[in-house]
Structure formats: C-alpha cells, structure tokens
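*Asks:* build me a model:
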Amino acid sequence: MSDPILWYVVITLVGWSSFPISFWLFRRLPDRGFAFSRTLGWLLWGYSFWLLTSLHLTDNRREGIVFALGLMLAISLSLFLKIGKTEFQLWWQENRRQVGVMEALFLLAFVGLAITRAANPEALGTEKPMELAFINAILRSETFPPHDPWLSGYAISYYYFGYVLVAMLAKLCGTSGGVAFNLGISLVFALSALGAYGLLSNLLNLQFGHRFAWKSLLAPVMVLLVGNLGGLLEVLHAAGLFWQQRNGTWISPFWKWLDLVELSQPPQSPFDGLPKRWYWWWRASRVVQDYDVSGAPREIIDEFPAFSYILADLHPHVLAMPFAFLAMALALNLWFYWKSSTQLSAAGEIALGEHHFGLTFPLAIPLSESLVAALILGGLAFLNTWDFPIYVALCAAAYALGKAALIFTPSPEERRDDTSSPNASALAQEERKGVAKAIEFFKDFLRFGIWSGVWGGILYLPFYLGFSSQAGGFLPNLVYPTRGAHLWVMFAPLLVPLFGWLTWHYRDLRPYLKRAIGWVLGLLAGLWLLSMAMGFLISSMPALGGLFMGSMGAATIGDWLPVAIFRRLLYSAGWATLGTLLSGSLALLMNLLPDPFLKGRGEEKGVKGFVALLILGGALLVLFPEFFYLRDQFGWRMNTVFKFYYQAWLLWGISAAYAVACFTYPAPPRDNPSQTPSGQSEPTLRLAAKRRTSKERQPLSDPASLWAKVSLGVSVLLILGGLIYTILATLSKTNNFRPPEGYTLDSTAYFWRQNPNEMQAIAWLSQAPLGVVAEAVSPTGGSYSQYARVGTLSGQPIVLGWTGHESQWRGGAREMGTRQADLERLYCSRNLTEALQIVEQYQIRYIFVGDLERNTYRPGEGNCPGGLYEAKFQRAFIPVYQAGQVTIYQTP
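*Replies:* Here you go, the predicted structure:
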C-alpha cells in the first residue's frame, strides 16, 4: 500500500514547488492560486513531458519524466527569485490557516475516495476496460503518440492527455496500471474538491474581505457530493408513496406523470424506503427522457459528478474536471485583472499590449500570461475536447466584461455632471458611445477567444496531427425538448439556491430586467425559428432528409411538424426555467455595465457579476441542446445533453455554493471597497470591512433578510435530498464497505480471481518485448464485454479490439478494414500459408490462444466450420508461454 503514499507525496511536492507559478499567474486572487497549484503544476509537468516525447527529444521513460519535472521546477524557481522571498512570507502570514484547511481537504478527499475504490476496485463494465487499456498502452509505448491498444499500427485517436498524466505518475512511482487506474480517479477527485473549494474561497474573500474557510467547504459538497433528486425519488418510490391498489393492480398517477424509467413500475415489497433493484443508482444518470414522434423512447445521458465518482469511470470528462476549475480560476483572475489597471487613458481607452518583433500584441495583458492561459485552455481540448470552447468563451467573456466594466465606470467628474437632466443631444451622444462600447466588448471577446483558440491549438499541435473525430456539425433538435419536471429532478439542488440568490438581488437587477427579458425572449424565438428552418431544409435534402427524419421516428415533414410545435408548448416549464435564469443573470450583468441612458447608476464591478456570468453560462449550456445537438454516431442529442449538462453542473454548483454561503447574511452583501490593488486585503482593512458589514446588516424583519432565511432553509433541505443519492449509492456500490475479497486498489484483482491462468499469461506479455498480439474478436464487435482483454491488461497493441469504440473514435470503420474477418481466418484456417500472410500483413508477433479464442471460434460458428485450428501454430511458431489451457505463440 505504498503507492497511495507515494502519489500523495509526489503531487503535494509538485503543488508546493509550482506555487510560484500560480503566485505569479493568479495575482488578482487572494490565495494567489494556491488551491490550483497542484493542478497547474501537474498540467505544466505533463505538458512538458508529452511535448518533449512527442518531438522525440526524450523517451517515454522515467528519465524523461524527471527531466520534464526539472524544467517546470526551473521556471518556478526563476519566478520565486523574481517575486522575492518577502512577498511569499507576507502571503504565508496572511494565509496559514487557509492553507491548513486546503491541505486537510485534499488529504481527506484523496484518502476517502481511495478507500471507496478499494472496496470495489475492479475495472469491469462500462468504459473502464477502454480507460485501463489507454493507461497500460501509454505505460508500454516507447514514444508519443502512444500506440492504440485495440488497433495495431495506429496511434490512439482520442483525447488522451488525462491518461498521459496518470501514466506519468504511475511510471515515476513504479505503480502498475491496475493500481494507477484507481489512484488516478482518487487524485482527480481530490484535486477537484480542492479546486471547487478554492473558487468559492476566493469569491467570498473578494466579496467580504475576510476568510470563510468552513463556508468554502460548501463548494466541494455541492459540486462533487450532492446528487440530483433521483436518489430521493428512489427512496420515496421504494417506500410505496403515491401508490394505490385498484382491482388488485398497483397504480400511481404521480409516478406515471413523472415518467422516470423504472420508477413508473410498482415498487418491490417490503415498502421500507430502500431501493432494491440491481444497480438502481444507475438510473439517476438517466432522469431526462425523450420520445420520438412514434412514442419510442430515446436514451439520454445526464450524468453528474457524484454519479461519476461512484461509477468510477476514468473517462475524459472526469479527468478534465480539476482543469475545468483551473480554467474558472483563470476566468476569475481575468475578471479582476482590470481592478488595478493603470492602462486606462484620459480618453477612456485601454491600450493594447506589448510590442514584439515589430508587432502589437492583440491583448491588453502581458504576452507571457496570455500564453499560459492558452496552454491551460488548450490543455482542456486535449483532455476533453468538448470543454475547450466552453471555457475559452467563459475566459473571453470575463476578460471583455472586466475591461468593459472599467471603461463604463463613470468618472468622478461624470458623476458630478450627472445632477442635471440630459438634453436630446446628450442622449444621442451617450447612445453612440454605448454602441461603440458594445462593439468594443465584442471585439475584446473575439480577440481573446481567437488568440486562445489559435495558440491553444498551436501549443498542442502534435496531438491534432493524428486526431480524428466522429463529430459532424450541428443538427436541429425539433421534437425533443426537456420536460420541466425532468429538468428540476436533474438540477433542483442547484436551481433553488440560484433562483433564491437572483431574487435576493432583485433591487439590483430590476432596472434592467425588462430589457433582459426582451433579449432572452428574442433569443429563444430566434433559436426556435432557426432550428425549424434548418429542420425544413435538411428534411428536404434527398441525401440527408430520410436519415434525419428517421432519427425522430418520422417519415415526412408532416409527421414531425405538429409534434415539434405541440411539445414546445406542452413542455414550456423547461424553457421558462431557463429563460428566467437567463433574464435574471443577464440583468445583473447589465447592472455591472451602466447603461448610457442611466448614467450614474453604474457601480464598481464585484463578485456578484462573475457569479452572474457563471449562472448565465450554465443556462446557455443547458439551453443549447434544447434546439441543437452535435451530430455523432448516436444519431440524437444523447451525448450533447451529457457533455453540456455536465459542465453546467460545475458552473451552477460553484454559483449555488456561493449563494448558500451568502444566505447566511441577513442582507445582500455589498462590494467591499477595501480591496488592495493586488486583490488582497490588509488585516486592518479586513477588520474594518467586517465591522462595516455588521453595521450594514438589516433587521431580521426586513423582507430581504426573511427571503435569505427561507432560501437558505429550502436550499439546505434540497442539499440533504441530493446527498441521499450519494450516501445510498456509495453503500450499494461498495456492499456497505464490506468487499467480499478484501480491500485492494488493484483494478485487475477481479481478473486474477476469475481466470488466474490467463492473467499469468497476460502478465508475461506485459513484460515481453513490444509487439502486435492476435486475440479473438467478437463477431458482433465486442463492446462492453471480455473481448480485447489481452490488449487492455497488457498494454500490447492487438490487431482489433472493440470495433464500436474504434469506429466512434475515428469517425468510421475505414482503418479497421477486414481485420475482423482476417482474425477469424487466422485462427480457423487450416492453410498455413494463408495464416502466414495474415501474420505478415499485420506484423503479428504474438498469437494468444485461450478459452475465449476456443469459445469464439467453435466448429460451425460463422466462417469457421472446423473450429479453431491450433495445429498450424504448433508447427510453424514457437510456444513462448504455456500454462493450463493458455498458450502464447511467437512468430518468426
């Protein structure tokens, strides 16, 4: 059990040693990025190692890993010397208690999930075999890009950076791939908990001017531990609530109306409130239900973080989570970048940045900081490509809005001149100025977005050179709007605090609410009309029309058109919920940027503006699949909802945690004017701000205070309701923490128990020289089965693994060619010459013959009338390993 200790020590040392980089980059945050230093250090270290290995400047060996770590440490040391020891000492005196809480949180989260994984460690089912295969393949690859373990002769065609980061730690610490799988997800969970905590801690500190160590724990709880209401509904269903017998039959209008899969069926007795179905907790990730025109159900994935860590798939959306929080911290830093800016000229303009090689840098922030930002955001594309445009847009909006807020803030002279009523000429001048500023905002947004997008691609260019994708543009979603009931089952623990917080700030957003509602209604109408127009156009295309309409269960436009209109009206609660969130958050942002017609109403930007931006971003993410989805092999919006809802949970989770923390104050907090230019508050200023805030608190009878108490109470109840899922599902998944075979972090222990002979042979292969392995492939493709087990567990490249996954990764089956049929001929043919031709064609070095091969290629199956013919292997090849029914042959 030394592996968990080694991993903890290494990542902690990496975090502390890279802190000067965080200190330099996150200079506008009170904690100077300490909460994100482990994640940032891991990213920079992994990027250096991957890039050097991809350029063949080093090999995929421990020496290369140490060299890349040395480069990162050299940069950190140079920044430490540049900043100076005194700055760090002052920061330490100010933040010792906060650091202690963060260190304890990280350790507790890492150990807690490691123990949970040790109680059910097997990499079995769902996507786990694929993920374990990637880790083992990277450990075995001599260079990058790593070889595809399931398609010999090709590199991995997937966003694999997260697996490089995990395998890098495993190789340095001497950890096996099976153990690295579970330590990897434990580390990601701990880093995510620390990142969520750091975001809320910085938000509260920037808002109030003093530390909120314990309240900041709300963020990891609400983002990572709170589930949707699926668990609570499971308990109510298992208790027999809302069911009644009629003529000997159990019926329930409520559960029929709610229409959640399996919950519309009568519960099993006894009605004790404990879910009894096998894998009952899985259904919480499928609470959104779609039906096509014919009434046939369409599966939708609506996973959330608590489910992810209980399921424990080490998939890219999970691996990218701590780096998503890092990107949010970057956005927060950009938001407050202009707080102390001195680049504002007398004319109210902000000059562009530095000059390099005779060119003007297009951003008004230092080139070095913008490149690190591009590296962070570009890393998200390599970790989980779906996240890249989301967080580029978030950071671009924070950059542009922060800059616009500085420009829009009225000067003291303008405030003094505002005492008189403006005449028509003045109003016209202000209108022109407002249009110009709006144009400038969009230009800044595009500048940052394009810069980050282009450089985010250039910095990771070796990845894109070998990457292909199944994505094929956008298609309109016409007949699958989300029901309001399902949306609230999914997000209620987050939506209630958000609505409560926006209502709490009604006085701030009221002057702009009418205009915001108009814009949102225009947006909804525009999206609906655009989707309908695209639907008519695509349905009329001879090549795509039939396929597109078939995905809706329709044959003609007349089939889907009335359903599309009727369901938009019937399911109005869903888009009404999103429209309200959009209107409220947009109005609050408009309050941040004073309207030129309401000159003098503007106030200095604050934390609530950034929180409003997070709420707005989450609402847009949930809104998008209401009208469009990304075209992929699934054929409908299943994967788009999954990817977009997941990121919305992260954005809304941080916002909701902030809202709940604020509800503990009896009056809406005001921006704290005592912040220093660096974003840090001096102790005396913090004390003064604290006293001032206490004096400004309104009486408990004040409506705002009462609303805060009500919102807090309802939010706490829903948080507890969301925790029901996590507690019961964890106990169910771990057998109440009583693993039948004892605790272990080795995800391959299950395979050793099930088939020790095969595992011994695979263990031999994992140490053998690298070479292509032939093993059986399923006649039906083998996805989510025991097929491809040799490549998965040994890291050696096999001729062909799960065909469905390979087709998905590569956007088609062209690269697979005739491999499936060729492997069948290799094992079944009685012609040695034919077998040798196949060996030569795929450069096969090892031929694996075990129980699965004999069962797959049985007499009379497929094109294998005589069954597996092993005699030819015995005549022509060397049996380099043999034990029981397992033999490995090596070709000449």
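*Asks:* what stretches of the stretch 451-600 of the chain score poorly on pLDDT?
*Replies:* By pLDDT under 70, the low-scoring segments of the stretch 451-600 of the chain are 469-472, 593-600.
*Asks:* strands along that one, start to end?
*Replies:* 474-476 (DSSP state E, counting those that start in this stretch).
*Asks:* ok, now the chain?
*Replies:* Remark: strands assigned in the chain by DSSP state E are 244-246, 249-251, 290-291, 297-298, 355-356, 359-360, 474-476, 628-630, 772-774, 844-849, 878-883, 886-890.
*Asks:* and the ones you listed: which comes nearest Ala485?
*Replies:* Taking CB to CB, strand 290-291 is the member of the strands of the chain nearest to Ala485, at 13.5 Å. All C-beta atoms are positioned from the backbone trio N, CA, C, and that covers glycine.
*Asks:* what's in contact with the closest one?
*Replies:* The contact list for strand 290-291 (CB atoms under 8 Å, 6 or more residues apart in numbering) reads 297-300, 480, 636-637.
*Asks:* the closest residue to Gln882 other than its chain neighbours pairs with what?
*Replies:* In space, and not counting its chain neighbours, Gln882 is closest to Ile888: 7.5 Å by CB to CB, 6 or more residues apart in numbering. Bridge pairing for Ile888 (DSSP bridges) gives the partners Phe848, Tyr881.
*Asks:* that older thread, I'd like the strands of the chain laid out as TSV, including mean neighbour count and distance to Lys443.
*Replies:* Below are those laid out as TSV (neighbours: other CB atoms under 10 Å; distance: least, CB to CB, whole Å):
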stretch	mean neighbour count	distance to Lys443
strand 244-246	9	63
strand 249-251	11	61
strand 290-291	18	39
strand 297-298	15	41
strand 355-356	10	19
strand 359-360	10	14
strand 474-476	20	25
strand 628-630	21	26
strand 772-774	24	53
strand 844-849	24	57
strand 878-883	14	65
strand 886-890	21	63
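*Asks:* can you put those in a markdown table and add distance to Phe49?
*Replies:* Formatted as a markdown table, the strands of the chain follow (distance: least, CB to CB, whole Å):
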| stretch | distance to Phe49 |
| --- | --- |
| strand 244-246 | 63 |
| strand 249-251 | 59 |
| strand 290-291 | 43 |
| strand 297-298 | 42 |
| strand 355-356 | 28 |
| strand 359-360 | 31 |
| strand 474-476 | 36 |
| strand 628-630 | 31 |
| strand 772-774 | 26 |
| strand 844-849 | 28 |
| strand 878-883 | 33 |
| strand 886-890 | 32 |
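*Asks:* helices along the stretch 151-300 of the chain, start to end?
*Replies:* With helices called from DSSP state H, counting those that start in this stretch, the stretch 151-300 of the chain shows them at 161-173, 177-208, 218-220, 230-238, 253-258.
*Asks:* let me have the ones you listed in a markdown table, adding mean pLDDT and distance to Phe624 as columns.
*Replies:* Formatted as a markdown table, the helices of the stretch 151-300 of the chain follow (pLDDT from 0 to 100; distance: least, CB to CB, whole Å):
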| stretch | mean pLDDT | distance to Phe624 |
| --- | --- | --- |
| helix 161-173 | 98 | 24 |
| helix 177-208 | 96 | 23 |
| helix 218-220 | 98 | 25 |
| helix 230-238 | 97 | 23 |
| helix 253-258 | 95 | 25 |
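*Asks:* just the closest of the contacts of strand 290-291 to Leu712, please.
*Replies:* Nearest to Leu712 among the contacts of strand 290-291, with distances taken as CB to CB, is Ile300, at 32.2 Å.
*Asks:* for the closest residue to that closest one other than its chain neighbours, give me its contacts.
*Replies:* Distance criterion CB to CB, 6+ apart; nearest residue to Ile300, sequence neighbours excluded, is Val288 at 4.4 Å. Contact partners of Val288, counting by CB under 8 Å, 6+ apart, are 300, 302, 482-483, 486-487, 490, 641.
*Asks:* show me the two of the contacts of strand 290-291 that sit farthest apart.
*Replies:* Longest span within the contacts of strand 290-291, CB to CB: Pro297 and Arg637, 13.4 Å.
*Asks:* count the residues that sit near Pro129.
*Replies:* By other CB atoms under 10 Å, the residues close to Pro129 number 28.
*Asks:* do Phe873 as well
*Replies:* Phe873 has 22 nearby residues by other CB under 10 Å.
*Asks:* which one is it nearest to, not counting chain neighbours?
*Replies:* Closest residue to Phe873 apart from its sequence neighbours, by CB to CB, 6+ apart: Tyr889 at 4.7 Å.
*Asks:* check the gap between that neighbour and Val773 for me.
*Replies:* According to CB to CB, to the nearest Å, Tyr889 and Val773 sit 10 Å apart.
*Asks:* what's the nearest residue to Ala137 once chain neighbours are set aside sitting at in phi/psi?
*Replies:* Closest residue to Ala137 apart from its sequence neighbours, by CB to CB, 6+ apart: Pro149 at 3.9 Å. Backbone torsions for Pro149, taken as degrees, to the nearest 10, come to phi -70, psi -10.
*Asks:* Pro149 against Leu139, yeah?
*Replies:* No - using CB atoms under 8 Å as the test, Pro149 is too far from Leu139 to be in contact (10.5 Å).
*Asks:* look at those two and report which has more neighbours.
*Replies:* Ranked by neighbour count (other CB under 10 Å), Pro149 and Leu139 place Pro149 first, with 30 against 21.
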